[in-house]
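Undergrad: take a look and give me a structure for this.
(chains A and B)
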Amino acid sequence: MKFQTINGFKDILPDEAALWQRLEQTARSIFRRFGLQEVRVPIVESTELFARAIGEATDVVEKEMYTFADKGLTLRPEATAGLMRAYIEHGLHVQQPVQRLFTIGPMFRHERPQKGRQRQFHQIDVELIGASEPGLDAELIAMAQLLLDDLGLKVSLEINSIGCPQCRPAFRQKLVQHLHDQQEQLCADCRRRINTNPLRTLDCKNSQCRSLVQDAPSIVDNLCQDCATHFAGVRCGLDTLAVPYQLNRFMVRGLDYYTRTTFEFITADLGAQAAVAAGGRYDGLVEQLGGPKNTPGIGFALGMERLILLLEQQQAEQDIARDRADLFAAALGDKAVATCAPLVHELRKHGLYATMDYSSRSLKAQMKQAGRVKARFALIVGEQELDKQEAVLRNMDTQEQTAFSLHGASKDVAARLTKML
RNA sequence: GUGGGCGUAGCUCAGCUGGUGGUAGCACCGGGUUGUGGCCUCGGAGGUCGUGGGUUCAAGUCCCAUCGCUCACCCCA
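TA: Numbering: from 1, shown residues only, chains lettered A, B, ... in the order given. A predicted model of the protein is given here:
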């Protein structure tokens, strides 16, 4: 019996973990400048919360959730619902009119895994709650763009507005009418979608469907006055901030809570999973979850695995800069090991990355190991030196070697040694 | 849920129309340097060829089943 990660779940080993750290650090650095605050919420919530927030009829809720049916609990398939629950539960709206929050962590969806899609995946999730001005939409999108730029990734931005409960039903009806008229020519999936989720036909990948919806009614032409004005404001804001974008009137959302502004950052380098970040406005969500009335919000999620894949592709040639050890102690013999161990520990108290080998292997083997941890210095402690209370300090870069006295308590020896490194 | 591709060393992979599992590369260990890393050189260790059946004198190779991985559909970050 051999244990292994189960399908759709993945180990992140040290080399890759370095990239994850870089990604998170870059994100945190950007978020700080935009005044975002971190929150950490549980990965388990009541099933009812997700059903209510995401929508009973969505694929995510209908067939992709990891649910403990007997307990009424579910592993979160996305972050927004839990964040909104926390926002409402703790009355965050009272503390500040606009809350700027982010969270980072794992999400779970029981889909068939493929490139850029795991069953456990990670998102960086940002939410701005409590304001609806279009300038805020533009700021949020510009921030996401800045983050992706800082990571050195080339992605393109697409935006759309999907209206609100005022104007979407009318548009939906109009679209259904149009689709009915050419039902025979649509693919089987799209024929089914006419009834289940007509908006989805707009981004079908089937080429024939694609050309058929080209002259379908466009949602941006069917927005109510408020939504149209708002969307114009968002576009204007993006222009002001010099964020290039493409209007994609076929872009829709799979989660029910979205309203008005929607956007996606797309890459051509990930196969079928093109979206590395996506989000939009959700002006009715807080109220729908039992929070204060008229609390608008907007947010987005970045797919971390997808970003990591891009980062890996991009710098396939460069190897990741590993931390250099400050000192490697090569101890030859039991006495030497006994001398080095407390010394190394003292160096670590001084904040240095020091390490040693306890096995008393050949000096050659230990030097090799020193090279492997990219040690800047090696301290060679052998029997010859020990008799004289001395060691050899070798600069691994210049190959210079000097005698180093081991006289005194290891604490004092370490203090002297630290100065020489 | 539906299709396609692939399972040989820790990793990346050779292995042609069946005829003894590769001096393959990387990584690991040791020698060359009686106590000095990277480069070089020599050697070593490491495998139920995913698993179970079948065909055959003979199966990593052909057939069937099964498990696993992967890509795509669907859906989504």
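
Undergrad: and for the residue of chain A found nearest RNA strand B, nearest residue in space, chain neighbours not counted?
TA: Nearest residue of chain A to RNA strand B (Cβ to the nearest atom of the strand) works out as A:G254 at 1.2 Å. In short, each C-beta sits where N, CA and C put it, glycine included. Once flanking residues are discounted, A:G254 sits nearest to A:T58: 6.1 Å by Cβ to Cβ, 6 or more residues apart in numbering.

Undergrad: what is the burial count for that neighbour?
TA: By the measure other Cβ atoms under 10 Å, the count of residues near A:T58 is 19.

Undergrad: so what's it scoring on pLDDT?
TA: What the model reports for A:T58 is a pLDDT of 88.

Undergrad: would you agree it is in contact with A:Y258?
TA: No. Using Cβ atoms under 8 Å, A:T58 is not in contact with A:Y258, being 10.9 Å away.

Undergrad: any idea how far A:R33 is from A:T26?
TA: A:R33 is 12 Å from A:T26, where distance means Cβ to Cβ, to the nearest Å.

Undergrad: so for those two, which residue has more residues nearby?
TA: A:T26 (18 against 9).

Undergrad: show the contacting residues for that one.
TA: Counting by Cβ atoms under 8 Å, 6 or more residues apart in numbering, A:T26 touches A:147, A:150-151.

Undergrad: let's go with 10 Å and repeat that
TA: By Cβ atoms under 10 Å, 6 or more residues apart in numbering, the residues touching A:T26 are A:124, A:146-148, A:150-152, A:307.

Undergrad: and which of these is nearest A:R394?
TA: Taking Cβ to Cβ as the measure, A:R394 sits nearest to A:G152 out of the contacts of A:T26, at 37.2 Å.

Undergrad: read off the pLDDT value for that closest one.
TA: In this prediction, A:G152 carries a pLDDT score of 92.

Undergrad: quick one: the closest residue to it other than its chain neighbours from A:C224, how far?
TA: Distances taken as Cβ to Cβ, 6+ apart put A:Q314 closest to A:G152, at 6.6 Å, once the chain neighbours are dropped. Counting by Cβ to Cβ, the separation of A:Q314 from A:C224 is 43 Å.

Undergrad: cool, and A:D15?
TA: For A:D15 relative to A:C224 (Cβ to Cβ), the value is 52 Å.

Undergrad: again with A:D181
TA: Relative to A:C224, and taking Cβ to Cβ, A:D181 is found at 25 Å.

Undergrad: and if you look at A:I129?
TA: A:I129 is 23 Å from A:C224, by Cβ to Cβ.

Undergrad: what does A:G290 give?
TA: Distance of A:G290 to A:C224, computed by Cβ to Cβ: 26 Å.

Undergrad: which one of the two has more residues nearby?
TA: A:C224 (16 against 11).

Undergrad: which residues does the closest residue to the more buried one other than its chain neighbours contact?
TA: With sequence-adjacent residues excluded and distances taken as Cβ to Cβ, 6+ apart, A:C224 is closest to A:C167, at 3.8 Å. Residues near A:C167 by Cβ under 10 Å, 6+ apart: A:161, A:219, A:222-228, A:260.

Undergrad: can I get the buried part of the residues you listed as one PyMOL selection?
TA: Here is the PyMOL command that selects only those of the contacts of A:C167 that count as buried (16 or more other Cβ atoms under 10 Å):
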select buried, chain A and resi 161+219+222+223+224+227+228+260
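
Undergrad: strands - which of the contacts of A:C167 land there?
TA: A:161, A:260 (DSSP state E).

Undergrad: tell me the pLDDT at A:L212?
TA: 80.

Undergrad: mind checking pLDDT for A:D319?
TA: 51.

Undergrad: actually A:F121, sorry about that
TA: A:F121 is given a pLDDT of 96.

Undergrad: I'd guess it is in a strand, am I close?
TA: Yes. Assignment of A:F121 by DSSP: H, G, I helix; E, B strand; the rest coil places it within a strand.

Undergrad: quick one: contacts for the residue nearest to A:D326 when sequence neighbours are not counted?
TA: Spatial nearest neighbour of A:D326, chain neighbours left out: A:L352 (4.3 Å); criterion: Cβ to Cβ, 6+ apart. Contacts for A:L352 (Cβ under 10 Å, 6+ apart) come out as A:325-327, A:344, A:346, A:376-377, A:414, A:417-418, A:421.

Undergrad: what's the answer for A:V413, then?
TA: So A:V413 contacts A:339, A:342-343, A:346-347, A:389, A:391, A:404-407 (Cβ under 10 Å, 6+ apart).

Undergrad: just the buried ones from these?
TA: The neighbour count (16+ other Cβ under 10 Å) marks A:339, A:343, A:346-347, A:391, A:404, A:406 as buried among these.

Undergrad: can you redo those residues as JSON lines with distance to A:K2?
TA: JSON lines is the format used below for those (distance: Cβ to Cβ, whole Å):
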{"residue": "A:T339", "distance to A:K2": "43"}
{"residue": "A:L343", "distance to A:K2": "42"}
{"residue": "A:E346", "distance to A:K2": "43"}
{"residue": "A:L347", "distance to A:K2": "40"}
{"residue": "A:A391", "distance to A:K2": "45"}
{"residue": "A:F404", "distance to A:K2": "48"}
{"residue": "A:L406", "distance to A:K2": "48"}
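
Undergrad: strands - which of the residues you listed land there?
TA: Taking DSSP E as the definition of strands, the buried ones among the contacts of A:V413 contribute A:391, A:404.

Undergrad: could you pull out the helices for the stretch 101-250 of chain A?
TA: Along the stretch 101-250 of chain A, the segments classed as helices by DSSP state H, counting those that start in this stretch run A:134-150, A:168-181, A:188-196, A:207-213, A:225-240.

Undergrad: just say which of those is most tucked in.
TA: helix A:134-150 (a mean of 20; mean count of other Cβ atoms under 10 Å).

Undergrad: is that one anywhere near RNA strand B?
TA: No. Judged by Cβ under 7 Å from any atom of the strand, helix A:134-150 and RNA strand B are separated, with a smallest distance of 10.7 Å.

Undergrad: using PDB, list the CA coordinates for stretch A:237-251.
TA: What follows is stretch A:237-251 as a C-alpha-only set of coordinates in PDB (Å, rounded to 0.1, in the frame of the first residue of the first chain):
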ATOM      1  CA  GLY A 237     -12.000  55.700 -14.600                       C
ATOM      2  CA  LEU A 238      -9.900  53.100 -16.300                       C
ATOM      3  CA  ASP A 239      -9.000  55.500 -19.000                       C
ATOM      4  CA  THR A 240      -8.000  58.100 -16.400                       C
ATOM      5  CA  LEU A 241      -5.700  55.500 -14.700                       C
ATOM      6  CA  ALA A 242      -4.300  54.500 -18.100                       C
ATOM      7  CA  VAL A 243      -5.400  50.900 -17.700                       C
ATOM      8  CA  PRO A 244      -5.900  49.300 -21.200                       C
ATOM      9  CA  TYR A 245      -8.900  47.000 -21.500                       C
ATOM     10  CA  GLN A 246     -11.100  45.300 -24.000                       C
ATOM     11  CA  LEU A 247     -14.900  45.400 -23.800                       C
ATOM     12  CA  ASN A 248     -16.200  41.900 -24.000                       C
ATOM     13  CA  ARG A 249     -19.900  41.900 -24.300                       C
ATOM     14  CA  PHE A 250     -20.000  38.100 -24.200                       C
ATOM     15  CA  MET A 251     -18.400  37.800 -20.800                       C
END
